[in-house]
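>>> need a 3D model of the following:
(one chain, ligands or ions: 1)
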Amino acid sequence: MARRLLGRLAYGSRYDRIPSSQRVYVRPGERLIREAQWRRLIRRAPVMSLAEYQRLRPLKDIEEFLSCMMCGESRQQPLFEPGANGWSYHVVRCPACGFLYRNPGIRPERLGDLYASGYNTFLTGRYAANRQRRYELTMEAFSPVFDEGKERRLLDFGSGVGLFLELAERRGFDAFGVDLSPESVVQANERLDSARAFYGAPEDVPEIAAGGFDVITLWSVLAHLPRPLEDFGRFRSLLAPGGLLLILTVNAHSTQLKAYGSGWSGFTKNHLMFYSSVTVRTLLRRTGFAGVAFAPHYGDTVEAGTTRLSGPMVSRLRRNVELSDGGNMMRVLAFADEEAIGRWGGGPLTVHRLNG
Ligand SMILES: [Zn+2]
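Below you'll find the model as predicted:
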């Protein structure tokens, strides 16, 4: 309420009709204000030992206390408590490397408890169309890498009901998927022609465990992984020489997170870890990837050209996203080795090397 009042005082009603997901990028001066607020929040939040932190929080039987998985730091900086309709959790920041994660986290063997049955039933109709448009915009952002499949071997990890596999087979990829929901796998295979979805973990499915993938995709999966280092080590070993890993996930540098705090849209019920362009590099470096490139995310409507914002507003939004690395999603292309960088690293992509 106070925050809304302040916004009204500073900006009047001129920006009221702009969706909140775009407002923070188009109001003059807001980017700098939010960044200053963020720095103040980090400065003021207490830093405590893991033992102190554990005394603060009751532990449910599906939960576990964590240290930072990116750098090993055990100290905790409690920042947020997102929640709605009967769920809530705590988000801490690693005072050493800045990684944001849910702590207590969920014990990996109890992850299933988080996903109510019927999780996949709404993944159709307009939702499906919006999802597929988002996948296409992301592939476009890394063009020409995903323009044509040319029978390259692709694995979609967490393939759900096959919405991406459908696009991948249409583009000519030799596409496979894995998912931990048996109902989703059945639905996916009904949808698909040449591509195939499998139930289980990659190492349990012979067709997947054989490896040799040219591309692995993680669509809104990264934030759900309770043991990211193990998973990424496995992804790296499943990639062929010259292989690529494509990631779409929520961005922990998002200006929306800085503005809305615990109310940020990225703090969904089942998310566990929140990466930025800094911390995702640590994850990739530690699991043997050679390079990484990023594509800023301006929001689906701006990228698809369906936004109602005026031309000058769109320019301002794009500029503020770029200057702050503050888009709400992060799009990451990881290169397995030098061969991958040599083959795909040209053109408009800036490749950051991860070794040394
Ligand atoms: Zn850390």
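>>> could you point out which element follows whatever helix or strand Arg40 lives in?
Using DSSP states H and E, Arg40 maps to helix 30-44. Per DSSP H and E, helix 30-44 leads on to helix 50-56 as the next helix or strand towards the C-terminus.
>>> buried set for the lengthiest helix in the chain?
In the chain, with assignment by DSSP state H, the single longest helix is helix 125-141. Buried residues in helix 125-141, counted by 16 or more other CB atoms under 10 Å: Ala128, Arg131, Arg134, Tyr135, Glu136, Leu137, Thr138, Met139, Ala141. For glycine as for every other residue, the C-beta is placed from the backbone atoms N, C-alpha and C.
>>> against Leu222, how distant is the closest residue to Leu225 other than its chain neighbours?
Take Leu225 and drop its neighbours on the chain: the residue closest to it by CB to CB, 6 or more residues apart in numbering is Asp231, 5.2 Å away. Distance, Asp231 to Leu222, using CB to CB, to the nearest Å: 9 Å.
>>> looking at those two, which has the bigger crowd around it?
More crowded of Asp231 and Leu222, by other CB atoms under 10 Å: Leu222, with 25 against 19.
>>> tell me the secondary structure for the residue nearest to Leu225?
What DSSP: H, G, I helix; E, B strand; the rest coil gives for Asp231 is helix.
>>> avg pLDDT for stretch 128-141?
Average pLDDT, stretch 128-141: 94.
>>> could you give the separation of it from the chain centroid?
Distance, stretch centre to chain centre, for stretch 128-141: 14 Å (CA atoms, centre = their mean, to the nearest Å).
>>> please apply the same query to stretch 162-171.
That offset, for stretch 162-171, works out to 20 Å (CA atoms, centre = their mean).
>>> just stretch 281-295 next, same as before
14 Å.
>>> okay, how far is it across it, tip to tip?
The straight-line separation of the ends of stretch 281-295 (CA to CA, to the nearest Å) is 14 Å.
>>> and the stretch 1-150 of the chain, which residues reach the ion?
Cys68, Met70, Cys71, Glu73, Cys94, Ala96, Cys97, Phe99 (CB under 5 Å from the ion).
>>> which PyMOL command selects the buried ones in those?
Buried members of those, defined by 16+ other CB under 10 Å, are picked up in PyMOL with:
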select buried, resi 68+70+73+94+99
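>>> if you look at the residues of the stretch 1-150 of the chain next to the ion, which of them are in strands?
Per DSSP state E, strands hold no members of those.
>>> export the residues of the stretch 1-150 of the chain next to the ion to JSON lines and append columns for distance to Glu35 and pLDDT.
Listed next are these as JSON lines, based on distance: CB to CB, whole Å; pLDDT from 0 to 100:
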{"residue": "Cys68", "distance to Glu35": "23", "pLDDT": "98"}
{"residue": "Met70", "distance to Glu35": "22", "pLDDT": "98"}
{"residue": "Cys71", "distance to Glu35": "23", "pLDDT": "98"}
{"residue": "Glu73", "distance to Glu35": "23", "pLDDT": "98"}
{"residue": "Cys94", "distance to Glu35": "19", "pLDDT": "98"}
{"residue": "Ala96", "distance to Glu35": "21", "pLDDT": "98"}
{"residue": "Cys97", "distance to Glu35": "19", "pLDDT": "98"}
{"residue": "Phe99", "distance to Glu35": "19", "pLDDT": "98"}
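>>> ok, now which ones touch the closest residue to Ala84 other than its chain neighbours?
Setting aside the residues directly before and after it, Ala84 is nearest to Lys269 in space (CB to CB, 6+ apart), at 8.0 Å. Taking CB atoms under 8 Å, 6 or more residues apart in numbering, we find Lys269 in contact with Ala84, Trp87, Leu114.
>>> equivalent analysis for Thr279, please.
Met70, Cys97, Gly98, Phe99, Leu100, Ala252.
>>> let's see that with 10 Å instead.
Contacts of Thr279 were listed using CB atoms under 10 Å, 6 or more residues apart in numbering, and they are 68-71, 94, 97-101, 228, 252-253, 273.
>>> same check, this time on Arg153
173-176, 210-216, 238-240, 243.
>>> change it to 7 Å
Residues counted as contacts of Arg153 (CB atoms under 7 Å, 6 or more residues apart in numbering) are Asp174, Gly212, Phe213, Asp214.
>>> would you map the helices across the protein?
2-11, 20-26, 30-44, 50-56, 125-141, 163-170, 182-191, 206-209, 228-238, 255-260, 279-286, 300-304, 311-324, 338-344.
>>> report the inter-axis angle for the fifth one versus helix 182-191.
Relative orientation of helix 125-141 and helix 182-191, computed by axes from the mean of the first three to the mean of the last three CA atoms, to 10 degrees: 70 degrees.
>>> who touches helix 125-141?
Phe146, Leu163, Phe164, Leu167, Trp219, Leu248, Ala295, Asp300, Glu303, Ala304, Arg331.
>>> kindly recompute the last result at 6 Å.
By CB atoms under 6 Å, 6 or more residues apart in numbering, the residues outside helix 125-141 that reach it are Phe146, Leu163, Phe164, Leu167, Leu248, Ala295, Asp300, Glu303, Arg331.
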